[in-house]
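Peer 1: Sequence plus predicted model, see below.
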Amino acid sequence: MASRNARPLLGGIEAGGTKFVLAVGHSPQEIVARETIPTTTPDVTMATTAKWFSQHGPLVALGIASFGPVELDRASPRWGHITDTPKPGWAQTDVVGPLGRALACPVGFDTDVNGAALAENAFGAGAGDGSLAYITVGTGIGGGLVLDGRPVHGAGHPELGHMFVRRDGEDFDFPGICPFHGDCVEGLASGPAIKARWGKTLSELPADHPAHTYVAGYLAQLCHTTFATVAVDTIVLGGGVMQTPGLIERVRERTFAIGAEYLPGRSRQEVVAPGLGQDSGICGALILAERAFEGETD
Ligand code: ZN
């Protein structure tokens, strides 16, 4: 009889390349249990995930905010799959199907960064604004967009990290490390790009090292172009590289300097750290579950 009166439970998964964060909650802001498991093979990771939820459910809906690239077109037979990832064993993996069947509930699915953007827009750094970009700068650079409260998908999903940027001043020596584009912003300013170029993380380099200026400059171009393209109110910058002391201040200053006060809406726009700390992704996954429960299909 207790279950009849129990409040419905949502499940969320922040599916990353190194770990899966699992949570159940009565709402995206009311998490009642959580767990972190390593990302190993798809079979083992998904079985461990399904088992944990079966012990903490039943769920009324599940939301998955996943590393990608992913298929988000519900008309495609591959909807809910991780597609061409270089992560060994994970290319063309159906994430939604096995978990939806195991847990017998509707599933919401989106990119990890769109999930984080939803959460930051709903009750994080952008709460109260209509539109927000969440950009993570770490192992790669990824960006999710929420416009008028809805996550943005097009033919695929945004890949802000592969935006091209103008070289800064005399900075032409380093070819960039993106296997597809060389010197896109991910190829120039992601954690592995910084390590490949200078042999250290940005935090390990002295504060007066030119790396700080270059990286901030490239990230500022990414922010400016994002503001110029979709006119969001807020850009949230997260990820490991953004933990570098002073970096967000440098990026913010450069973003608005290169924007030259031209963009309409400038007075409302801001570049900020995540309001939810490390929880943007998992809270976003729970929002995806809530949307699935309510029948939202984008
Ligand atoms: Zn690229």
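Peer 2: Now that the structure is in, tell me what you want to look at.

Peer 1: Nearest residue to residue 65 in space, please, no chain neighbours.
Peer 2: Leaving out its chain neighbours, the residue that sits closest to residue 65 by C-beta to C-beta, 6 or more residues apart in numbering is residue 115, at 2.8 Å. (Glycine included, C-beta is placed from N, CA and C.)

Peer 1: List the residues that contact the one you found.
Peer 2: By C-beta atoms under 8 Å, 6 or more residues apart in numbering, the residues touching residue 115 are 14, 63, 65, 144, 280, 281, 284, 285, 287, 288.

Peer 1: With residue 151 instead?
Peer 2: Neighbour list for residue 151: 110, 114, 117, 118, 144, 145, 298 [criterion: C-beta under 8 Å, 6+ apart].

Peer 1: List the ones among those that fall in helices.
Peer 2: Of the contacts of residue 151, the ones assigned to helices by DSSP state H are 114, 117, 118.

Peer 1: hey, where'd the helices end up in the chain?
Peer 2: Under the criterion DSSP H, helices of the chain are mapped to 2-5, 42-56, 96-103, 112-123, 185-189, 191-198, 210-230, 247-259, 280-293.

Peer 1: which stretch in those helices has the least confidence?
Peer 2: Note on the helices of the chain: helix 2-5 shows the lowest mean pLDDT, a mean of 46.

Peer 1: do you know how far the residue nearest the centre of the chain is from the ion?
Peer 2: Geometric centre of the chain, nearest residue: residue 113, 1.8 Å, by C-alpha atoms, centre = their mean. Residue 113 sits 15 Å away from the ion, going by C-beta to the ion, to the nearest Å.

Peer 1: I'd say that residue and residue 135 touch.
Peer 2: Yes: Residue 113 lies in contact with residue 135 (C-beta atoms under 8 Å); the separation is 7.4 Å.

Peer 1: Quick check: neighbours shared by those two?
Peer 2: 142, 143.

Peer 1: picking up where we left off before, looking at the contacts of residue 115, which one is closest to the ion?
Peer 2: Taking C-beta to the ion as the measure, the ion lies nearest residue 144 of those, at 16.9 Å.

Peer 1: Surely that closest one is in contact with residue 134?
Peer 2: Yes: here residue 144 reaches residue 134: they are 4.8 Å apart, a contact under C-beta under 8 Å.

Peer 1: Which of the two has more residues huddled nearby?
Peer 2: Using other C-beta atoms under 10 Å, the more surrounded residue of residue 144 and residue 134 is residue 134, with 35 against 30.

Peer 1: and that one, what are its bridge partners?
Peer 2: On the basis of DSSP bridges, residue 134 takes part in beta bridges with residue 144, residue 236.

Peer 1: which residues touch residue 15?
Peer 2: Contacts of residue 15 (C-beta under 8 Å, 6+ apart): 39, 64, 65, 66, 67, 95, 112.

Peer 1: Hmm, the fifth one is touching residue 17, no?
Peer 2: Read it as residue 67. Yes: under the criterion of C-beta under 8 Å, residue 67 makes contact with residue 17 at 4.9 Å.

Peer 1: which of these two has more neighbours?
Peer 2: Legend: neighbour count by other C-beta under 10 Å for residue 67 and residue 17, higher for residue 67 (24 against 17).

Peer 1: show me what contacts the more buried one?
Peer 2: Residue 67 makes contacts with 15, 16, 17, 82, 85, 87, 111, 112, as judged by C-beta under 8 Å, 6+ apart.

Peer 1: Show me which of the residues you listed are buried.
Peer 2: 15, 16, 17, 82, 85, 111, 112 (16 or more other C-beta atoms under 10 Å).

Peer 1: Number of residues surrounding residue 277?
Peer 2: With other C-beta under 10 Å as criterion, residue 277 counts 9.

Peer 1: what does residue 94 give?
Peer 2: Counted with other C-beta under 10 Å, residue 94 comes out at 17.

Peer 1: That one and residue 43, how far apart?
Peer 2: 11 Å (C-beta to C-beta, to the nearest Å).

Peer 1: mind listing what the closest residue to residue 106 other than its chain neighbours touches?
Peer 2: Computed as C-beta to C-beta, 6+ apart, the closest residue to residue 106 that is not its neighbour in sequence is residue 292, at 4.3 Å. By C-beta under 8 Å, 6+ apart, the residues touching residue 292 are 61, 62, 63, 106, 107, 108.

Peer 1: Max pairwise distance over those: which two?
Peer 2: In terms of C-beta to C-beta, these reach their longest pairwise distance at 63 and 106, which sit 9.6 Å apart.

Peer 1: Mind checking which of the contacts of residue 292 are in strands?
Peer 2: Judged by DSSP state E, the contacts of residue 292 include 61, 62, 63, 107, 108 as members of strands.
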